[in-house]
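K.L.:
sequence first, predicted model second:
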Amino acid sequence: MKLVIADDHKGLRAAARRVFDATHQRCRVHWMRNALAHAPTKQRMAVAAMIKTIFAQEAKAEAMVQWDVVADALREKQPKLGALMDASREDVLAYMDFPKGHWPQISSTNPLERPNKEIKRRSGVIGIFPNDDAIARLVGALMLETNDEWTVARRYMSLETLARVPNTDTLRLPTAAV
């Protein structure tokens with residue numbers, strides 16, 4: 001099973017399915033920002049709290065049921081928010097088809113954005129690179145640092161842990177609400 005994590009972009013969604021035969025995961029953080037933009041300013045904290053109950057569920061089936069409950073409650077006073085929720089449920093909850101230990105890293109583009117920001121920061125300090133090899137060394141060093149951080153901080157990615165995870169092809173849950 002493959003997963004492409006991106007913001008809401010129809011072209012990326014179509015390419016993920018057509019070219020990579022992969023599921024599209026819409027960044028949960030950016031989706032939340034988009035959703036809260038449809039809520040009145042004074043109600044954003046309450047709306048955010050309601051939406052967060054969806055992501056606190058232990059399984060995708062439970063999250064989908066909670067999604068419907070929250071969407072129905074919000075739809076009455078904020079029809080645009082209800083429509084956004086109706087249109088984006090599958091993309092926002094796609095990460096829940098994967099092992100739970102991976103959810104924090106695959107529900108958002110933030111883990112992908114961090115190395116990009118670090119490359120930008122460090123290359124800004126250097127200013128001008130003498131050649132292409134210098135750029136490759138900088139990016140390679142940052143990727144090695146990132147790999148080391150993930151290896152140490154995320155023990156669930158160890159070979160021993162991965163050996164205990166069943167084949168993800170068998171973890172696909174039905175997409176219809178239970």
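P.N.:
In hand now; what should we look at? Numbering: from 1, shown residues only.
K.L.:
for this structure, what's the longest helix?
P.N.:
Longest helix in the chain, counting residues (DSSP state H): helix 132-153.
K.L.:
residues contacting it, please?
P.N.:
By CB atoms under 8 Å, 6 or more residues apart in numbering, the list of residues contacting helix 132-153 from outside reads Arg114, Pro115, Glu118, Ile119, Arg122, Ser123, Ile126, Phe129, Met157, Ser158. To be clear about C-beta, it is placed using only N, CA and C from the backbone, and glycine gets the same treatment.
K.L.:
and the gap between His30 and Leu112?
P.N.:
Separation of His30 from Leu112 (CB to CB, to the nearest Å) stands at 12 Å.
K.L.:
where do the helices sit along this protein?
P.N.:
With DSSP H as the criterion, the chain has helices spanning 10-18, 28-37, 44-55, 60-75, 79-92, 103-106, 110-126, 132-153, 159-164.
K.L.:
for the third one, packing partners?
P.N.:
If you count contacts as 3 or more CB pairs under 8 Å, 6 or more residues apart in numbering; DSSP states H and E, helix 44-55 packs onto helix 28-37, helix 60-75.
K.L.:
just put those helices in JSON lines and tack on distance to Arg44 and mean pLDDT.
P.N.:
Shown next, in JSON lines, are the helices and strands packed on helix 44-55 (distance: least, CB to CB, whole Å; pLDDT from 0 to 100):
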{"stretch": "helix 28-37", "distance to Arg44": "5", "mean pLDDT": "94"}
{"stretch": "helix 60-75", "distance to Arg44": "12", "mean pLDDT": "95"}
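K.L.:
now render those as a markdown table, adding mean neighbour count and distance to Lys2.
P.N.:
Output for these, formatted as a markdown table (neighbours: other CB atoms under 10 Å; distance: least, CB to CB, whole Å):
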| stretch | mean neighbour count | distance to Lys2 |
| --- | --- | --- |
| helix 28-37 | 16 | 19 |
| helix 60-75 | 17 | 17 |
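K.L.:
TSV for these, including distance to Arg137?
P.N.:
Listed next are those as TSV, based on distance: least, CB to CB, whole Å:
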stretch	distance to Arg137
helix 28-37	31
helix 60-75	42
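K.L.:
which of those sits closest to Gly82?
P.N.:
helix 60-75 (3.0 Å; CB to CB).
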